[in-house]
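Chemist: Predicted model and sequence follow; I will ask about them next.
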Amino acid sequence: MSPQSLCGSLQGKKLVSSLKHRTAEVRSKNESDAPRSSRGTFKRLAGWPVHCIPEELYARRIPVPSGFNHEELFDYLLSRKNADAQGLNLNAGNSNSTSAKHLESKKDQYYSIFRSFWKGNSSAAVFGEMICENLKVSAVQAVCNKTAIDLAGEMRCSFPAFSGNRLNLEKHVLKSLAEKEDFNGFITYIRDPRSQAENFIKDEVHKYMFREQSHKAQNILKNNVDDISELVSQALFTATQEVKTQKGATDMWMEQFSSLLKDKLTLDTISCQNFRDINNFDFLKEEIEKGLGPIKTEMSCLSLDKMKDFRLQPDQILIDQLCRCCWVTCPFCAAVCTNTLEDHSPDDHNVPFHRSGSVNGWHYRNTVEMSVNFCTTNVASDNSFYPDGVSEVSVPFKQYRTAGPRFANWRITPDESKLTYWTWFVCRFQQELENYYGRKFEGKGEIPSQWRTHTKQQAIESLDEMYSE
């Protein structure tokens with residue numbers, strides 16, 4: 001890149017002026033002020049024209065993203081340096097959009113390396129800084145991911161709603177809805193039971209982490225900070241000792257260090273080809289340890305809120321464990337199939353107890369009268385039903401499997417069982433159900449008087465009969 005082409009780029013004149021000023025400072029700097037290992041760099045920089053510095057500095061030291069050359073990278077970093085001072089927001093302007101995005105994502109790292117070399121730091125110091133910049137992100141991510149896994153495991157063992165299978169989870173979802181007397185939540189559960197179950201998991205995990213067991217959750221986080229910090233320190237020591245014993249080079253040190261960390265955290269790839277002059281690995285270890293100090297201090301101040309920044313979340317872990325099962329609902333009453341497999345064909349859908357058809361809006365045709373009968377009662381009767389709202393042909397309940405695909409794979413056992421929970425629900429939310437479905441509990445759909453004697457506590461207790469653990 002010539003001085004002319006540099007001047008033609010963004011704020012080029014100011015950049016060249018700034019660089020010339022810095023070059024003059026380097027020339028005037030007493031060589032004895034620089035560390036012994038960096039004197040050669042200073043001496044070469046001081047004598048090079050502005051447009052030759054990229055070749056001297058970057059071609060020998062800094063790996064460049066695919067799609068860029070050292071001159072473009074150098075120009076970009078200088079632009080970044082100048083823009084930072086003026087509060088500008090720069091984007092890489094290379095035509096290769098993928099490369100440009102990569103460079104933009106790494107701009108702080110490249111600028112930091114550029115600044116370190118500019119200050120005359122040795123290869124070991126710059127390489128150590130790159131390692132620490134990498135660890136600054138990956139260590140925090142490892143801590144948060146491990147904490148998410150540990151919190152999910154802790155709740156799976158000690159939290160009653162999550163300590164069993166999906167059937168047990170459903171019991172606690174229904175118990176929660178009854179305690180809150182939340183009709184909108186009930187409707188969500190009836191129309192989309194999986195969504196309501198997932199919402200329940202998210203709410204309970206949030207309460208556990210930030211209210212009910214916040215101290216325990218914070219201790220789990222703290223322990224993982226200590227574990228990751230110890231892991232990095234031990235890996236640093238072991239890799240350094242190994243490379244010294246085998247008289248290895250930078251590549252070997254990097255391979256050992258990454259291998260010791262790989263089970264808990266992942267380092268971005270760092271090219272060692274520009275750092276092969278490093279031969280004092282004790283000095284490299286010291287430089288990394290200096291950089292780790294602030295990182296460990298920052299991690300020790302991590303809050304549980306920081307976990308929201310990462311992909312792995314305790315509530316999603318529990319959702320994946322508890323909700324990967326069958327969620328097909330009964331076409332009559334919307335009861336959820338209890339099979340633990342998502343696809344359990346050829347086995348039929350089945351539930352231990354069904355509900356009143358009014359829960360799902362079933363009514364007598366051409367009337368506003370709700371149908372309060374339970375499925376298990378209907379399939380034992382001589383009555384008939386219309387499979388959909390337009391069919392002119394009714395189907396006997398005893399032959400419900402012939403009514404179409406929605407009915408064919410359900411096994412509904414005839415009996416007179418009526419779970420107290422759903423009789424209480426119909427009575428408690430009579431008005432809300434009438435408004436929601438636009439029907440009435442009157443005539444043939446009148447609610448039996450005995451149902452009105454059931455209390456909320458009895459309803460909740462009846463769930464234990466249905467979903468015994």
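Modeler: Perfect, thanks for sending it.
Chemist: rest of the way, CA atoms for contacts and neighbours
Modeler: Noted.
Chemist: How far off centre is stretch 335-346?
Modeler: Counting by Cα atoms, centre = their mean, to the nearest Å, stretch 335-346 is centred 27 Å from the centre of its parent chain.
Chemist: Repeat that for stretch 191-208.
Modeler: Distance, centroid of stretch 191-208 to centroid of chain: 16 Å (Cα atoms, centre = their mean).
Chemist: ditto for stretch 408-428
Modeler: The chain centroid and the centroid of stretch 408-428 are separated by 38 Å under Cα atoms, centre = their mean.
Chemist: go on, stretch 438-446?
Modeler: Distance of stretch 438-446 from the chain centroid (Cα atoms, centre = their mean) equals 47 Å.
Chemist: Need the distance between the two termini of that stretch.
Modeler: Chord length of stretch 438-446, first to last residue, is 15 Å (Cα to Cα, to the nearest Å).
Chemist: So what touches it?
Modeler: Under the criterion Cα atoms under 8 Å, 6 or more residues apart in numbering, residues 363, 368, 369, 370, 371, 372, 430, 433, 434, 447 lie in contact with stretch 438-446.
Chemist: what would those residues look like in CSV with pLDDT?
Modeler: Listed next are the contacts of stretch 438-446 as CSV, based on pLDDT from 0 to 100:
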residue, pLDDT
363, 95
368, 95
369, 96
370, 96
371, 95
372, 96
430, 97
433, 97
434, 97
447, 97
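Chemist: Among the residues you listed, pick out the one closest to residue 133, please.
Modeler: Closest to residue 133 out of the contacts of stretch 438-446 is residue 433 (58.8 Å), distances taken as Cα to Cα.
Chemist: how far away is that closest one from residue 439?
Modeler: Taken as Cα to Cα, the span from residue 433 to residue 439 is 8 Å.
Chemist: By neighbour count, which of the contacts of stretch 438-446 wins?
Modeler: Comparing the contacts of stretch 438-446 by number of neighbours (other Cα atoms under 10 Å), residue 370 comes first, having 29 neighbours.
Chemist: Which residue ranges of this structure form strands?
Modeler: Ranges of strands in the chain, per DSSP state E, are 384-385, 395-396.
Chemist: could you dump those to TSV with distance to residue 180?
Modeler: TSV is the format used below for the strands of the chain (distance: least, Cα to Cα, whole Å):
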stretch	distance to residue 180
strand 384-385	34
strand 395-396	39
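Chemist: Could you dump those into TSV and include distance to residue 334 and mean neighbour count?
Modeler: Conversion of the strands of the chain to TSV gives the following (distance: least, Cα to Cα, whole Å; neighbours: other Cα atoms under 10 Å):
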stretch	distance to residue 334	mean neighbour count
strand 384-385	16	17
strand 395-396	19	16
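Chemist: Export these as a markdown table, with columns for distance to residue 211 and mean pLDDT.
Modeler: As requested, the strands of the chain are exported to a markdown table (distance: least, Cα to Cα, whole Å; pLDDT from 0 to 100):
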| stretch | distance to residue 211 | mean pLDDT |
| --- | --- | --- |
| strand 384-385 | 50 | 94 |
| strand 395-396 | 53 | 96 |
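Chemist: Lowest average confidence across helices and strands of the protein, where is it?
Modeler: Lowest on mean pLDDT, DSSP states H and E among the helices and strands of the chain sits helix 3-7, with a mean of 34.
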